[in-house]
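>>> below is the sequence, then the predicted model.
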Amino acid sequence: MNLLTSSPTDKAVDLRIGTRGSPLALAQAYELRRRLAAAQGCAETAFSVHVITTTGDTIQDRPLSEAGGKGLFTKELDLALIRGDIDIAVHSAKDLPTILPEELAILGYLPREDVRDAWISAKAPEPQTLPAGSVVGTASLRRAALIKRLRPDVTVTLLRGNVETRLAKVEKGDVDATLLACAGLKRLGLAHKATSLLDPELFVPAVGQGAIAVVARREETATARTVDSVVDPATSLCLRSERAYLRILDGSCRTPIGGHARLALGKMQLRGIILRPDGSQFFETCLDGPAAEAEALGEAVARDLIARAPADFFKD
């Protein structure tokens, strides 16, 4: 245990934070550590950061949807939590699968960053003005389908790697454009790399985009109390709605899905969209409801989309 004696307000907390090793994942872990240290009145060294390589980090040659889906970014961290090797795990909320191992629970989310997708291109200020026949690189089914919906005349190709790698490939001309989460660019100090930010009503974000999730063992009540000092209730409420929506749709399938909840004055609005992978067909809806019924609203949006889509829409 770390016994901190540098000031009278220091406390012995000694929580081990597990994270992936990418620059963005580490930036998110350090953001959580800073907030925890400030809330607990102790040094940041009371919270050690442990890097764990996930299966999703090692697969670079194909879309993750072909290799097992979202759980590829969380499986090893889940196992480390269950074994007791770490006390909490920090994730991009959009990487969390719809169902976690029964031993684990989401303790909450840090205040949400900008949910928008950033457009990065030296060829055009926005997708609509990209020259015909251009190549857009992305590893996201949702982004690929939304681009094809707007611009069926462009080619979408697989672009894997961390944020810096993808930015470099655009700069070298390997692709004409790409899309990244604005939140990730901001956390890395790279917001200036965005050519433009896309309207979330036209380009619906991924469920959880912009939010940092904290996961721990379900029985660790002391850990939950510590984390509760930094999580944001409004973000948690929005994510409850979005994740309920994704759960009904079965977000582990290969159907491109977007979902974004907004909270204002006790009311919640949830916008959802589902698309064919080639963008040729899509269904979207937007419903409002009381914030206290966040999960019910998410389920209602999902069921509305399912009712309007053809029977084969969710088949792999």
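Arrived safely, thanks for sending.
>>> residue 303: what's it in contact with?
residue 248 (C-beta atoms under 8 Å, 6 or more residues apart in numbering). To be clear about C-beta, it is placed using only N, CA and C from the backbone, and glycine gets the same treatment.
>>> repeat for the one 3 residues further on
Neighbouring residues of residue 306 by C-beta under 8 Å, 6+ apart: 248, 249, 314.
>>> so the second one touches residue 305, yeah?
Spelled out, that is residue 249. Yes: here residue 249 lies in contact with residue 305, judged by C-beta atoms under 8 Å, at a distance of 7.1 Å.
>>> find the residues that touch each one of these two.
Counting by C-beta under 8 Å, 6+ apart, the contacts common to residue 249 and residue 305 are residue 274.
>>> now the most centrally placed residue in the chain: how far from residue 171?
Computing the C-alpha centroid of the chain and ranking residues by C-alpha atoms, centre = their mean puts residue 94 first, at 2.4 Å. When C-beta to C-beta, to the nearest Å is applied, the distance between residue 94 and residue 171 equals 25 Å.
>>> also residue 273?
Distance from residue 273 to residue 171, counting by C-beta to C-beta: 30 Å.
>>> kindly report the same for residue 125.
16 Å.
>>> so residue 300 sits right up against residue 285, yeah?
No: using C-beta under 8 Å, residue 300 makes no contact with residue 285, being 9.1 Å away.
>>> the two: which has the busier surroundings?
Taking neighbours as other C-beta atoms under 10 Å, residue 300 and residue 285 compare with residue 300 leading, 20 against 17.
>>> and that one, helix, strand or coil?
Secondary structure, DSSP: H, G, I helix; E, B strand; the rest coil: residue 300 is helix.
>>> apart from its neighbours in sequence, what residue is nearest it?
residue 287 (5.8 Å; C-beta to C-beta, 6 or more residues apart in numbering).
>>> so the one you found is in which element?
According to DSSP states H and E, residue 287 maps onto strand 282-290.
>>> quick check: residue 287 touching residue 269?
Yes: under the criterion of C-beta under 8 Å, residue 287 makes contact with residue 269 at 7.3 Å.
>>> show me where pLDDT drops low in the stretch 151-300 of the chain?
251-253 (pLDDT under 70).
>>> if we go to 50?
Across the stretch 151-300 of the chain, nothing is flagged by pLDDT under 50.
>>> quick one: the helices in it?
Secondary structure of the stretch 151-300 of the chain, counting by DSSP state H, counting those that start in this stretch: helices at 163-172, 182-187, 221-228, 233-249, 294-308.
>>> nearest to residue 87, of these?
Nearest to residue 87 among those is helix 221-228 (5.6 Å), distances taken as C-beta to C-beta.
>>> let me see the domain layout of the protein.
Following automatic domain parsing, one finds the domains of the chain at 15-113+208-308, 117-197.
>>> gap between the two ends of the first one?
Start-to-end span of domain 15-113+208-308 (C-alpha to C-alpha, to the nearest Å) is 47 Å.
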